[in-house]
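Q: One predicted model, sequence on top.
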Amino acid sequence: ETGVTQSPTHLIKTRGQQVTLRCSSQSGHNTVSWYQQALGQGPQFIFQYYREEENGRGNFPPRFSGLQFPNYSSELNVNALELDDSALYLCASSSNTRYEQYFGPGTRLTVT
Amino acid sequence: EDKVVQSPLSLVVHEGDTVTLNCSYEVTNFRSLLWYKQEKKAPTFLFMLTSSGIEKKSGRLSSILDKKELFSILNITATQTGDSAVYLCAVYTGTASKLTFGTGTRLQVTL
């Protein structure tokens, strides 16, 4: 069984740029959720995708957008990067019939 | 707004000690409470609790939920240095299909 994978591991971007982060869900899982984790904080929910549609969203501006593909993998796009977007971005996959979410190793984004 | 509060924020214990981590919550449309261990990056799933009073156990770790008082505890007995990590509590709510996390308890186990 393959776990959740994310790419890239680390990323450095300049303020105002755009970034795309990728996530492959665990086999058998059809739901993907994205979280932002600032240093010393718990993960904050960004949004969730199920059947290629957004299935819930947290308090993040529209410049945070996402996609889910037919193979259940997902992308998180962030436009017009701000310094405060520097964080660990975690992807979690789950089955729509169970509540447990399994996390990938994350992408560490640094905005300078 | 959904809220999850963990205490203490950090804890230093000696190997062999028993620790109790606390998690209280105030959310709408509660579905379940989950505990995760985060060592470097990926939070690792430990337990999911849905019903009050039923203890979940895995080795030296155990957890219980009180849905009347809106809290959960995570116990670790005979701690080892490998237990050093941040322990995250999260509540799954039916609204917005999201997990709401606490800020975590940082546990350090020393020799």
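A: Thanks, I have it.
Q: C-alpha only now, for contacts and for neighbours.
A: Fine.
Q: how far away is the residue nearest to the spatial centre of chain A from B:F71?
A: In chain A, the centroid-proximal residue (C-alpha atoms, centre = their mean) is A:W34; its distance is 3.3 Å. Distance from A:W34 to B:F71, counting by C-alpha to C-alpha, to the nearest Å: 25 Å.
Q: circling back: from what I can see the residue nearest to the centre of chain A touches A:Y89, true?
A: Yes: with contact defined as C-alpha atoms under 8 Å, A:W34 reaches A:Y89; the gap is 7.1 Å.
Q: Can you check what pLDDT the model gives B:S52?
A: Note on B:S52: pLDDT of 85.
Q: And the lowest mean pLDDT element among the helices and strands of chain A?
A: strand A:53-57 (a mean of 90; mean pLDDT, DSSP states H and E).
Q: Buried residues in the helix or strand following that one, which are they?
A: Moving toward the C-terminus from strand A:53-57, the next helix or strand (DSSP states H and E) is strand A:64-68. Neighbour-count burial for strand A:64-68 flags A:S65, A:G66, A:L67, A:Q68 (criterion: 16 or more other C-alpha atoms under 10 Å in any protein chain shown).
Q: just so I have it, where are all the helices in chain B?
A: Taking DSSP state H, chain B contains no helices at all.
Q: Show me the shaky parts of it.
A: Low-confidence segments of chain B (pLDDT under 70): B:95-96.
Q: Tell me the residues of it that contact chain A?
A: Counting by C-alpha under 8 Å from any C-alpha of the partner chain, the residues of chain B close to chain A are B:32, B:34, B:41-45, B:48, B:88, B:92, B:95-104.
Q: how about 7 Å then?
A: Residues of chain B lying close to chain A (C-alpha under 7 Å from any C-alpha of the partner chain) are B:41-45, B:48, B:96-99, B:101-104.
Q: From these, list just the buried residues.
A: The neighbour-count test (16+ other C-alpha under 10 Å) applied to these identifies B:41-45, B:48, B:97-99, B:101-104 as buried.
Q: do the least confident helix or strand of chain A and chain B meet?
A: Yes: Strand A:53-57 is in contact with chain B by C-alpha under 7 Å from any C-alpha, via A:N55, A:G56, A:R57.
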